[in-house]
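1. Curious how this folds, go ahead:
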Amino acid sequence: MITKIPYGRSHLDCVTAENDRVAVLTSALHSMHSDGKESEKVVEALDKPICAPLLEDWARDKKSVLIITSDHTRPVPSRICMPHILERLRKYNKDIDAKILIATGVHRETTEAELSEKFGAELYEREKANIFVHDAFAIEQMTYVGTLPSGCELSVNKMVTEVDGVIAEGFIEPHFFAGFSGGRKSILPGIASASSVMQNHCSKLIGHPRSRTGYLDGNPLSDDMICAAKLCKLDYIVNVVIDGEKKIVRCFAGHPQKAHEEGCGFVSDYCAVSPVYADIVLTSNGGYPLDQNVYQSIKSMTAAEATVNEGGVIICVSKCNDGCGGDELYKWFADHKDANEVAEIIKHTEAKDTICDQWMAQILSRIMLKAKVIMVTDPSAKNIVEGMKMTWCESIDKAIETAKAIKPDYNGITLVPDGISVIVR
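-> Purely as a prediction, here's the structure:
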């Protein structure tokens, strides 16, 4: 059997034999292919917003608005959505001051080339003077707005407090600790200060049993994010759902919480799969742009974690041509003995002492303590993978061969071709 595994902008073939006893877990979203009418879906959502006025009516009396959108690590089709958002804002209000803020969280800065690809060259050049990239570490750009349910003190990019209205553009998918992406995440961690992100992503909240894929109710991380959105007066969202080819299949616009919840319900109906427990589980990050680094690849590993047997092997196929994606994440594993030592240090770290990438190290250490991790990446990432105490392989064939040597009596292989798009529970 040949299964195509997303890898970069293409795919790799995973070849398995009949006696491998293979199970394949896929999201039904992948069977819901876009009909090509992506722009029409955005228009339809904006024509019938959820629990909110039409965007053009909402903007009629605004002097200034801030549109928050995702960075280079998210496949948000801004080249399709943003023209409609700007057109609606300016429909009855030609002089409205519309600025766009790239929500990087604590990721690296988005480059001009990435922005041009994201928005399309024509729109990027036209709006370039109004596009700003958030820097979570620039203290002078932050302003304090309040305290969150967890006790976290929230500071955000001050641009959000200098406008008459705030809109968030994004997309909804399962998220490995916030439950789902989109909606409130545009504020926290999107445009929050590094300190606020650290506190929200502290050991206690990341370790909470409800801080998992597909959970909103009772998820303390999500509760903080919802409160952050309210404190920052997030008024409106335009969130899309995309298929395996990153094409729009649905759009949800309107009230920041109600429209988001409706979108999450839609995604949940299509993405939930039952685990097929196996000693060997292979997954991927769904290809570009989500598989550019090790940091992002941990997300798909959590899908494999949910269906691998204790002491089994997880194979993560992810190009990682942009390296680790976080220097501190690399140091957590390179500078310590093993995953157990990393987990113990983080367990005893107070929220106020949380440091960059600690949450990813916490989740990766949890995964590594359950299963051996093998990564199939671009050769440029080999030293990084091995420095982080994982095994590197140059191909899927070699990775499966290595996994079988580790578990010679394996009971089967479960494939999760796109670990980002499924909710395993």
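2. contacts, neighbours, all on C-alpha from now
-> Noted.
3. Would you work out how far apart the start and end of stretch 70-85 are?
-> One end of stretch 70-85 sits 15 Å from the other (C-alpha to C-alpha, to the nearest Å).
4. Show me which residues of that stretch are buried.
-> Across stretch 70-85, burial judged by 16 or more other C-alpha atoms under 10 Å covers 70-73, 75-82, 84-85.
5. Contacts for it, please.
-> With contact meaning C-alpha atoms under 8 Å, 6 or more residues apart in numbering, stretch 70-85 is reached by 38-39, 42-43, 55, 102-104, 110, 114-115, 118-120, 123, 169-171, 186, 190, 238, 240, 246-248, 288-290, 292.
6. So which of these are in helices?
-> Judged by DSSP state H, the subset of the contacts of stretch 70-85 located in helices is 38-39, 42-43, 55, 114-115, 118-119, 123.
7. Mind picking the two most distant members of those residues?
-> The largest separation in the ones in helices among the contacts of stretch 70-85, counting by C-alpha to C-alpha, is between 55 and 114 at 27.3 Å.
8. Distance check, residue 380 against residue 7.
-> Distance from residue 380 to residue 7, by C-alpha to C-alpha: 15 Å.
9. between those two, who's got more neighbours?
-> The neighbour comparison of residue 380 against residue 7 (other C-alpha atoms under 10 Å) goes to residue 7, with 27 against 13.
10. surely residue 365 meets residue 346?
-> No: contact criterion C-alpha atoms under 8 Å: residue 365 and residue 346 do not qualify, at 9.8 Å.
11. Now do the shared contacts for the two.
-> Counting by C-alpha under 8 Å, 6+ apart, no residue touches both residue 365 and residue 346.
12. returning to what we had before: buried only: go through the ones in helices among the contacts of stretch 70-85 for me.
-> Buried, going by 16+ other C-alpha under 10 Å: 38, 42-43, 55, 115, 118-119, out of the ones in helices among the contacts of stretch 70-85.
13. Kindly reformat the buried residues of stretch 70-85 as a markdown table containing secondary structure, pLDDT and distance to residue 415.
-> Listed next are the buried residues of stretch 70-85 as a markdown table, based on DSSP: H, G, I helix; E, B strand; the rest coil; pLDDT from 0 to 100; distance: C-alpha to C-alpha, whole Å:
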| residue | secondary structure | pLDDT | distance to residue 415 |
| --- | --- | --- | --- |
| 70 | strand | 95 | 29 |
| 71 | coil | 94 | 29 |
| 72 | coil | 90 | 27 |
| 73 | coil | 82 | 24 |
| 75 | coil | 86 | 23 |
| 76 | coil | 92 | 26 |
| 77 | coil | 94 | 28 |
| 78 | helix | 97 | 31 |
| 79 | helix | 97 | 33 |
| 80 | helix | 97 | 32 |
| 81 | helix | 98 | 33 |
| 82 | helix | 98 | 36 |
| 84 | helix | 98 | 38 |
| 85 | helix | 98 | 39 |
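14. could you pull out the strands for the stretch 151-300 of the chain?
-> Secondary structure of the stretch 151-300 of the chain by DSSP state E, counting those that start in this stretch: the strands cover 153-157, 165-171, 174-175, 179-180, 234-242, 248-254, 272-273, 278-284.
15. Strand 248-254 and the fifth one, what's the angle between them?
-> Note on geometry: by axes from the mean of the first three to the mean of the last three C-alpha atoms, to 10 degrees, strand 234-242 and strand 248-254 are set 170 degrees apart in direction.
16. From the contact counts, what lies against strand 234-242?
-> Packing partners of strand 234-242 (3 or more C-alpha pairs under 8 Å, 6 or more residues apart in numbering; DSSP states H and E): strand 165-171, strand 248-254, helix 258-271.
17. Can I get that strand as PDB, trimmed to CA atoms?
-> Extracted in PDB, the C-alpha atoms of strand 234-242 (Å, rounded to 0.1, in the frame of the first residue of the first chain):
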ATOM      1  CA  LEU A 234     -12.000  42.100  19.600                       C
ATOM      2  CA  ASP A 235     -15.200  42.900  17.700                       C
ATOM      3  CA  TYR A 236     -15.200  40.700  14.600                       C
ATOM      4  CA  ILE A 237     -13.600  37.700  13.100                       C
ATOM      5  CA  VAL A 238     -13.300  36.300   9.600                       C
ATOM      6  CA  ASN A 239     -12.100  32.700  10.100                       C
ATOM      7  CA  VAL A 240     -11.900  30.000   7.400                       C
ATOM      8  CA  VAL A 241     -11.700  26.200   7.400                       C
ATOM      9  CA  ILE A 242      -9.400  24.700   4.800                       C
END
